[in-house]
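Asker: please find the sequence and the predicted model below.
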Amino acid sequence: MPVAELERHRACVNAIAWAPQSSRHICSTMDDSQALIWELPTVAGPNGIDPMSMYSTGSEINQLQWYAAQPDWIAIAFANKMQLLKV
């Protein structure tokens, strides 16, 4: 049985990554051109979970990597670009 559902994207999920420094943070990217960072609560409420941070691009995001050695950085890939995001 699911403990929580993250439902704020408007398109297909392409990638997810758990934060290397935290068991309660996850980043998701989708065809809606957004990268969302979530802080998972210890108990999910009835209205779902809202992302704590959002980043938008001009194209659907295909990949992401949360850098384990430097957990303040996330790399995302979309179209013919790669961007480094400081969290």
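Answerer: Nice, thanks for sending it over. Numbers count the residues shown, from 1 in each chain.
Asker: which residue packs closest to residue 67, ignoring adjacent ones?
Answerer: In this structure, residue 67 finds its nearest non-sequential neighbour in residue 73, 4.5 Å apart by Cβ to Cβ, 6 or more residues apart in numbering. Where C-beta positions appear, they are placed from N, C-alpha and C, glycine not excepted.
Asker: in stretch 56-67, what's buried?
Answerer: 57, 60-61, 64, 66 (16 or more other Cβ atoms under 10 Å).
Asker: which residues does the residue nearest to residue 67 contact?
Answerer: Taking Cβ atoms under 8 Å, 6 or more residues apart in numbering, we find residue 73 in contact with 66-67, 84-87.
Asker: try 7 Å this time
Answerer: In this structure, residue 73 makes contact with 67, 84-87, judged by Cβ atoms under 7 Å, 6 or more residues apart in numbering.
Asker: by pLDDT, give me the weakest of these.
Answerer: For the contacts of residue 73, the least confidently modelled position is residue 87, at 89, judged by pLDDT.
Asker: for residue 61, see how far away it is.
Answerer: Between residue 87 and residue 61 the distance is 15 Å, computed by Cβ to Cβ, to the nearest Å.
Asker: same check on residue 48?
Answerer: From residue 48 over to residue 61 (counting by Cβ to Cβ), the distance is 21 Å.
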